[in-house]
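A.B. asks: Requesting a structural model of the entry that follows:
(2 chains)
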There are 2 protein chains.
Amino acid sequence: MKNEIKIFSPATVANVACGFDVLGFCLDSVGDDMVIRKTDKKGIHITKIEGFDLPYETELNVAGVSALAMYEATQPDCGFEIEIYKNIKPGSGIGSSAASAVGSVFGMNELLGRPYNKTQLTQFAIKGEALASKCEHADNLAPALFGGFTLVKSISPLEILEIPTPDNLYATIIHPQIEIKTSESRAILPKKIILSDAITQWSNLGSLIHALHTNNYDLISKSLHDVIVEPHRSKLIPHYNDVKTVAIKAGALGCGISGSGPSIFSLSKGVETAQNIKNAIEEVYSKTGIEFDMHISEINTEGVKKIN
Amino acid sequence: MKNEIKIFSPATVANVACGFDVLGFCLDSVGDDMVIRKTDKKGIHITKIEGFDLPYETELNVAGVSALAMYEATQPDCGFEIEIYKNIKPGSGIGSSAASAVGSVFGMNELLGRPYNKTQLTQFAIKGEALASKCEHADNLAPALFGGFTLVKSISPLEILEIPTPDNLYATIIHPQIEIKTSESRAILPKKIILSDAITQWSNLGSLIHALHTNNYDLISKSLHDVIVEPHRSKLIPHYNDVKTVAIKAGALGCGISGSGPSIFSLSKGVETAQNIKNAIEEVYSKTGIEFDMHISEINTEGVKKIN
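C.D. replies: Numbering: from 1, shown residues only, chains lettered A, B, ... in the order given. This next block holds a predicted model:
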């Protein structure tokens, strides 16, 4: 068995308009690279971090904490070194901490001969995610581990459903380089919502799950609406409505806040439309004076994976 | 073309626990019989009503109003007589008015050579349903017309999704012979609900749609929970919790209020379990002193249909 593995741990989009707190999907062209290495020296050691300035102390590092959770449960006869080549900016809203949390446990599991299934790996990764987001949630972890679209039916007990992904579905992501504090994006949400709005939201989510099962792009489009969270959180993202308007005009099936923002995702049928959406958003956002970057990605149906 | 058609218009269960206001399914062993007859005499005439005491005046009868809506849109060179052999008690919570509303337009459509599709027929039937329930809704109409499980994604524009039905799914229905006023069952619902409860509800609905697509009985069971409406409306149904407890103990996948009650549905895998549930509920309810009747039915995947 090899003693070292190089992996790609993908960025992810959580919430997905009508699926607040439960739905997510996995990206393919954006993610972190990580190297996990089996060592004679016991324990978890982070030996390299490139890309962003993150703590080397295992207990303070998301990848370290999830690795520790698995390590303590497993008590293997070895230790692990972790190298992190971070491409996903922390706080961008496309699952940066989830990628780190998932990468270490996925790599260790491979090196140990796969003692754990993906749901069990999610359990360990939740511990790392909790370090970053102060609560245990899996809406980025699940798509990062399983790929495609996932629905986290419940956290306790952890139940993750793999929803089919239509063949030709692409995401266009804009990440405006602003900071939204997690505390602020939480505080802005109402504790109570109007029942009729909730009905609209669950009708859309039920409909989206059906649309993904039936490859129905038109219905995906009709379902990608968020009447609960977007009206509040979109205020925290400058020029959100302009982005959404041009994305839809350029052919997007739908458009929404990625996670708790500030990134904004659009979904589209085919890479050409995804490119048109990128161009249209770029034109709008380049006039705002706010730095931003953009990604186009096919939906990644594999999730975190070994690379050569 | 024949001038007369005899049809079976089925009872239906709306809401289905987590699917409040959007989901419904169709029953097979309970429903109304109707005869629709083409006549030289113009207009819609209700010529016979058996089973329950309902108005003969077309404009005051649910079947008459939906028939009129279709008749006025179509302006055919003939009239129609409607005979209603009503088996579904009005106010029982299993779509009595929907069966009437659906039956007349389905029968007329057959006699006219099917000028309308089922969604169009639903549009006409909504007018009849509105006479009974004072609002335009389709959560009983849709399963009565399409059969199986349906999700009414939206009323305006009307969009009905046909969700697959697992092979061996049975419903057990108890109808306690009490009256719940529609006004009361509406007034008891809160206008606002807690966001975290709404998330639980839409997670369950998304999960149920996925479970129906994947024939996953275990997941159907885990999804059939209603944290929004049941806590309020169940108070209007005597011994509701006892019924639910014994139904689950007897093997029900889930149990909930049918429509706005007072009927209670259980779903189960296989007719034997459905029978066990019926026996268990009968044992409990026969001690309450409240009159009741019960039905066991396979899920009807065809909906309203012609009979010989």
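A.B. asks: Enumerate the strands of the stretch 101-250 of chain A by residue range, in sequence order.
C.D. replies: Assigned by DSSP state E, counting those that start in this stretch, the stretch 101-250 of chain A shows strands spanning A:149-155, A:158-163, A:169-176, A:192-194.
A.B. asks: Adding mean neighbour count, write the ones you listed out as CSV.
C.D. replies: To be clear about C-beta, it is placed using only N, CA and C from the backbone, and glycine gets the same treatment. Below are the strands of the stretch 101-250 of chain A laid out as CSV (neighbours: other CB atoms under 10 Å in any protein chain shown):
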stretch, mean neighbour count
strand A:149-155, 24
strand A:158-163, 20
strand A:169-176, 25
strand A:192-194, 17
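A.B. asks: closest to B:Lys118 out of those?
C.D. replies: Closest to B:Lys118 of the strands of the stretch 101-250 of chain A, according to CB to CB: strand A:158-163, at 26.9 Å.
A.B. asks: contacts for the closest one?
C.D. replies: With CB atoms under 8 Å, 6 or more residues apart in numbering or on different chains as the test, strand A:158-163 has contacts from A:23, A:118-119, A:122-123, A:126, A:138, A:142, A:146, A:148-153, A:209, A:212-213, B:206-207, B:210, B:219, B:222.
A.B. asks: Without its sequence neighbours, what residue ends up closest to A:Thr165?
C.D. replies: Computed as CB to CB, 6 or more residues apart in numbering or on different chains, the closest residue to A:Thr165 that is not its neighbour in sequence is A:Gly148, at 4.1 Å.
A.B. asks: Any idea how many residues pack against that neighbour?
C.D. replies: 21 (other CB atoms under 10 Å in any protein chain shown).
A.B. asks: I'd say it and A:Leu169 touch.
C.D. replies: No. With contact defined as CB atoms under 8 Å, A:Gly148 does not reach A:Leu169; the gap is 9.6 Å.
A.B. asks: which residues are in contact with both of these two?
C.D. replies: A:Ile299.
A.B. asks: could I get the strands of the stretch 101-250 of chain A as TSV with mean pLDDT?
C.D. replies: Below are the strands of the stretch 101-250 of chain A laid out as TSV (pLDDT from 0 to 100):
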stretch	mean pLDDT
strand A:149-155	97
strand A:158-163	98
strand A:169-176	98
strand A:192-194	98
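A.B. asks: which one of these lies closest to A:Gly270?
C.D. replies: strand A:169-176 (6.6 Å).
A.B. asks: what's that closest one packed up against?
C.D. replies: strand A:4-14, strand A:23-39, strand A:264-269, helix A:271-285, strand A:292-298 (3 or more CB pairs under 8 Å, 6 or more residues apart in numbering or on different chains; DSSP states H and E).
A.B. asks: change it to 6 Å
C.D. replies: strand A:264-269, helix A:271-285, strand A:292-298 (3 or more CB pairs under 6 Å, 6 or more residues apart in numbering or on different chains; DSSP states H and E).
A.B. asks: Give me the angle between it and helix A:271-285.
C.D. replies: With axes from the mean of the first three to the mean of the last three CA atoms, to 10 degrees defining the directions, strand A:169-176 sits at 20 degrees from helix A:271-285.
A.B. asks: which bits of chain A sit near chain B?
C.D. replies: A:21-22, A:151, A:153, A:161, A:192-195, A:198-199, A:201-203, A:205-207, A:209-210, A:213 (CB under 6 Å from any CB of the partner chain).
A.B. asks: May I see the PyMOL selection of the buried members of these?
C.D. replies: Buried subset of the residues of chain A next to chain B, written as a PyMOL selection, criterion 16 or more other CB atoms under 10 Å in any protein chain shown:
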select buried, chain A and resi 21+22+151+153+161+193+194+195+198+199+201+202+203+205+206+207+209+210+213
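A.B. asks: Let me know the pLDDT of the one residue in chain A that gets nearest to chain B.
C.D. replies: Nearest residue of chain A to chain B: A:Trp202, at 3.8 Å (CB to the nearest CB). Listed pLDDT for A:Trp202 reads 98.
A.B. asks: how about it, what does it touch?
C.D. replies: For A:Trp202, the contacting residues are B:Gln201, B:Trp202, B:Leu205, by CB atoms under 6 Å, 6 or more residues apart in numbering or on different chains.
A.B. asks: rerun that using 7 Å as the cut-off
C.D. replies: With CB atoms under 7 Å, 6 or more residues apart in numbering or on different chains as the criterion, the residues that contact A:Trp202 are B:Val22, B:Gln201, B:Trp202, B:Leu205.
A.B. asks: next one: A:Lys191
C.D. replies: So A:Lys191 contacts B:Ile194, B:Leu195 (CB under 7 Å, 6+ apart).
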